[in-house]
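1. Here is my input; please provide its structure:
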Amino acid sequence: MEWDAPAIVLDARPYSEADTIATVMTADHGLHRGLAKGGASRANVALWQAGNFVQIRWTARLADQLGAFRGEMIHPNAAHVMDDPIALAMLSSVCATAEGALPEREPHPNVFAGLLRLIAHLPAGAEMMPDLVRWETTLLMELGYGLDLTSCAVTGATAGLTYVSPRSGRAVTAEAGEPYKDKLLKLPGFLVGGNIATPADHADGLRLTGHFLARDAFGLRHRPLPHARLMLYDRVAALATESIEPPGAADAG
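-> Numbering: from 1, shown residues only. Purely as a prediction, here's the structure:
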């Protein structure tokens with residue numbers, strides 16, 4: 001048994017002094033694990049960094065075996081974000097989220113294509129945060145937990161959508177949600193056609209998708225949300241707080 005395909009490295013964990021168990025994702029084979037012989041060696045460790053785009057050959061005697069990977073670098077995405085803390089946090093988050101949420105060997109070409117595009121543009125840093133949140137909504141949809149952000153769950157209106165019900169995943173207008181706003185999740189404008197996104201919007205988007213990822217994609221599999229995803233939210237929430245100017249600060253000078 002064997003296949004050969006371009007893949008995104010999602011994770012690589014030590015298996016022995018020289019080898020690693022690598023997790024990759026391809027368009028046609030989905031999330032796939034294999035033994036990368038020599039993957040922990042000085043010569044090869046850089047190849048198996050999460051986020052890298054590599055050409056993978058998988059071989060095994062039987063289809064249900066772990067099998068072995070051989071890889072060649074196509075694009076070293078990981079190296080291009082090492083000097084930007086927020087870009088690196090985003091890369092770590094999406095790789096960990098995909099690795100933890102996706103079922104093994106089940107193709108999800110839309111998730112793969114979206115992840116490939118996102119990772120390629122992560123050197124742009126925080127401005128890619130809306131795309132990261134959109135990719136997470138795609139992941140939720142592909143797993144059967146899609147959000148309905150097209151119309152208000154209460155009134156049916158398609159404009160003025162401001163909140164999302166944490167129970168149903170359906171959008172709610174500002175007026176309809178006002179009595180319950182403390183219990184609703186904020187819906188950032190960039191998810192419903194807006195083209196401006198502040199750090200606070202980024203944090204709201206991550207909180208929104210994070211709620212459903214934790215409850216459905218991970219919770220139903222009795223897994224916690226990945227640490228890298230939690231850390232990304234904490235970092236973005238801190239940036240959002242820093243971006244809010246204290247009252248009177250503008251007059252201080």
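
2. Can you list the neighbours in contact with stretch 93-112?
-> Contacts to stretch 93-112, defined as C-beta atoms under 8 Å, 6 or more residues apart in numbering, come from residues 8-11, 23, 25-33, 50-51, 115, 118-119, 132, 135-136, 138-139, 142-143, 213, 217-218, 223, 226-229, 231-232. In short, each C-beta sits where N, CA and C put it, glycine included.

3. The residues you listed in strands, which ones?
-> 8-11, 23, 25-26, 30-33 (DSSP state E).

4. Taking the residues you listed, please make a PyMOL selection of just the buried ones.
-> Restricted to buried positions by 16 or more other C-beta atoms under 10 Å, the PyMOL selection for the ones in strands among the contacts of stretch 93-112 reads:
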select buried, resi 8+9+10+11+23+25+26+30+31+32+33
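
5. Please state the offset of stretch 215-228 from the chain centre?
-> In this view, stretch 215-228 has its centroid 13 Å away from the chain centroid, taken as C-alpha atoms, centre = their mean, to the nearest Å.

6. likewise stretch 5-23?
-> Centroid displacement of stretch 5-23 relative to its chain, using C-alpha atoms, centre = their mean, is 19 Å.

7. Same check on stretch 20-33?
-> Averaged C-alpha coordinates place stretch 20-33 at 16 Å from its chain's average position (C-alpha atoms, centre = their mean).

8. Span of that stretch from start to end?
-> Start-to-end span of stretch 20-33 (C-alpha to C-alpha, to the nearest Å) is 10 Å.

9. For residue 99, which non-adjacent residue is spatially closest?
-> residue 10 (4.1 Å; C-beta to C-beta, 6 or more residues apart in numbering).

10. So what's the predicted local confidence for that neighbour?
-> On pLDDT, residue 10 comes in at 98.

11. any idea how far it is from residue 94?
-> Distance from residue 10 to residue 94, counting by C-beta to C-beta, to the nearest Å: 9 Å.

12. Okay, helices next: where are they in the stretch 151-253 of the chain?
-> 174-177, 199-212, 227-243 (DSSP state H, counting those that start in this stretch).

13. Report the contact partners of residue 187.
-> With C-beta under 8 Å, 6+ apart, residue 187 has these contacts: 149, 161-164, 171-172, 204, 208.

14. hmm, 7 Å instead?
-> 149, 161-164, 171, 208 (C-beta atoms under 7 Å, 6 or more residues apart in numbering).

15. before we move on, what about residue 23?
-> For residue 23, the contact set (C-beta under 7 Å, 6+ apart) comprises 10-11, 31, 33, 99.

16. mind putting these in a markdown table, distance to residue 156 included?
-> Formatted as a markdown table, the contacts of residue 23 follow (distance: C-beta to C-beta, whole Å):
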| residue | distance to residue 156 |
| --- | --- |
| 10 | 40 |
| 11 | 43 |
| 31 | 38 |
| 33 | 45 |
| 99 | 38 |
